[in-house]
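> My questions are about this predicted structure, shown below with the sequence.
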Amino acid sequence: MTDSAGADNAPAVTPRRQLAPALRRRVRAVLLRAAARRRAVPGIRVLTYHLLPSPSEFRAHVEAIRSVGEIIDEDAFLDALEHPETLTSGGCRVLLTFDDGYRQHLIGEALDLVRDLRLRPTVFMLAAGVDPGLGAPQRLVRSQRDQARPLVDAAELRAAVAAGWFVGSHTSTHWDCSRGGADDLAREIGGSKTILEDCLGTEVRTFAFPWGKPENLSPDAVHAVGTYGYRAAFTTVRGRIAQRPASELDLPRDVVEDWWGAREVRGCLTGVLDRVRVGS
């Protein structure tokens, strides 16, 4: 996933198309590790994972964040959007999110780990997990695709909520929201909200666009997110929220890449990658 916004004194970076993948990663690693020595920037930054790192690595990520800022939950995030004058008053704050709804991060020891760390993340759930009649999701993380049941079912999702997780929508079937007509958007954006709310008995207030790049959003899709009653929606354009956003329906979000350690996570909180487009 991916993308950009603004960082103070960030070095100029060669455009993505001119760098080979290995070199892009080396450049990002140098930037992140150097930035880790700087202060985290005030405002709210939303981090997203697909899979939970190993317990020791995830604990290190959480400790790195807490060493420079505060981890908040969806309630606090939405309250801050309603009161934008508070967005930078709390220093650096971080909302942790996970995409797709894999059993890997939502059952068993993973639930225990998140609870032990006193976290209340948001999972952006594919409604097809709780209603298989919707069909198979269009693309899952490679390591999960061949598993018989990679996504949590309705009972497992309810157990995660009971353990403290929040649930947002990630469409019904991991739909590319740049395409399709009104019926597709109704099924994927409106329909997923209804299915998840019926499953949980609570309001689903947030949405994350699959892939989340500018080319994966259409104006009709963004409009549909508002029409169906979501209060906030996220892209994967990197950046922080430090003032009243022009729209609450295409907010920035930083993808935590699978090779990141604690230093890289801490470096991200300085905004050093906000002008660097990264792949998923």
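Yep, it's here. This structure is a prediction, so every number in the text was calculated from the model and none was measured.

> could you give the mean pLDDT of stretch 269-280?
Predicted confidence along stretch 269-280 averages 76 (mean pLDDT).

> what kind of secondary structure is R118 in?
coil (DSSP: H, G, I helix; E, B strand; the rest coil).

> oh sorry, the question was meant for D99
Under three-state DSSP, the three-state class of D99 is strand.

> wait, what's in contact with it?
Shown here is D99, whose contacts under the criterion Cβ atoms under 8 Å, 6 or more residues apart in numbering are T48, Y49, H50, V123, F124, H170, A208. Where C-beta positions appear, they are placed from N, C-alpha and C, glycine not excepted.

> Any chance of the backbone angles for the second one?
Y49 has phi and psi values of phi -110, psi 160 when expressed as degrees, to the nearest 10.

> What's the separation between it and A60?
Taking Cβ to Cβ, to the nearest Å as the criterion, Y49 is separated from A60 by 14 Å.

> Neighbour count for the two, which is higher?
Neighbours around Y49 and A60, counted as other Cβ atoms under 10 Å, are more numerous at Y49. The numbers are 22 against 17.

> If the more buried one is in a bridge, with which residues?
In this structure, Y49 bridges to F98 when assessed by DSSP bridges.

> wait, doesn't it sit right on D100?
No: using Cβ atoms under 8 Å, Y49 is not in contact with D100; the gap is 10.0 Å.

> dump the residue contacts of A127.
Going by Cβ under 8 Å, 6+ apart, A127 touches L134, S169, T171, S172, T173, G191, S192, I195, L196.

> For the residue nearest to the last one when sequence neighbours are not counted, give me its contacts.
Okay, so that is L196. Counting by Cβ to Cβ, 6 or more residues apart in numbering, L196 lies nearest to V204, which is 4.8 Å off, once chain neighbours are set aside. With contacts defined as Cβ under 8 Å, 6+ apart, the neighbours of V204 are V167, G168, S169, K193, L196, E197, Y230.

> Look up how far S56 lies from the last one.
Yep, that's Y230 we're talking about. Shown here: Y230 relative to S56, a distance of 35 Å by Cβ to Cβ.

> Could you check which of the two has the larger neighbour count?
With neighbours defined as other Cβ under 10 Å, Y230 and S56 compare such that Y230 has more, 22 against 7.

> who's in contact with the more buried one?
Y230 touches G168, S169, K193, V204, R205, T206, F207, L249, counting by Cβ under 8 Å, 6+ apart.

> Among those residues, give me the pair with the biggest separation.
Among the contacts of Y230, the pair separated by the greatest distance (Cβ to Cβ) is V204 and L249, at 14.6 Å.
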